[in-house]
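1. Just the structure for this:
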Amino acid sequence: MTGRDWNKTLTEALSLHTIVIRDQILQLAVRLLQQARLLNQGMKITVVESSSKGVRLRVEGRLTGRWVEELRRTCDLQALSDGIRLTLDLADVSFADAAGIELLKELRIRLVTLLSPSSLVAEQLKA
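-> Below is the predicted model:
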């Protein structure tokens, strides 16, 4: 292999390596942006079912910070009338901080049904 061929091969290899690294950096940046977006989304509460006998709410996202009080207010509004059974579907709650876990424990004491908590949330509710 001549010096010119070696130089050309090295240049091509470096160019290919640069493209691979650039693609890996872009993939990492996309993943980080997706995670940041999830962290900033907070929580979503949706009335899934409502009747004269009960209300079922779907809770999604992270039960932290101001969202704990938001869930408390929402539950209080939905369960104002005696005899109305409140159920929270927690399958899509990805995380709950200490205040969120305390609220869920309080709601459970008030006979609110907690459906399908993630294994992480279920474990915290046991403590």
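2. can you map out the strands along the protein?
-> Using DSSP state E, the strands of the chain run over 43-50, 54-63, 85-96, 113-115.
3. Buried residues, the shortest one. List them.
-> Burial within strand 113-115, assessed by neighbour count using 16 or more other C-beta atoms under 10 Å, is assigned to residue 114. (Each C-beta comes from the backbone N, C-alpha and C, glycine too.)
4. Am I right that residue 90 is in contact with residue 113?
-> No: here residue 90 does not reach residue 113: they are 10.1 Å apart, not a contact under C-beta atoms under 8 Å.
5. now the strands of the chain in a markdown table, with mean pLDDT and distance to residue 9?
-> A markdown table is the format used below for the strands of the chain (pLDDT from 0 to 100; distance: least, C-beta to C-beta, whole Å):
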| stretch | mean pLDDT | distance to residue 9 |
| --- | --- | --- |
| strand 43-50 | 88 | 55 |
| strand 54-63 | 92 | 51 |
| strand 85-96 | 94 | 49 |
| strand 113-115 | 96 | 62 |
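6. Break this protein down into its domains, please.
-> Per automatic domain parsing, the structural domains of the chain span 1-41, 42-126.
7. still on that earlier bit, tell me which of the strands of the chain sits nearest to residue 121.
-> Proximity to residue 121, assessed across the strands of the chain by C-beta to C-beta, is greatest for strand 85-96 (5.3 Å).
8. With that, I have no additional questions.
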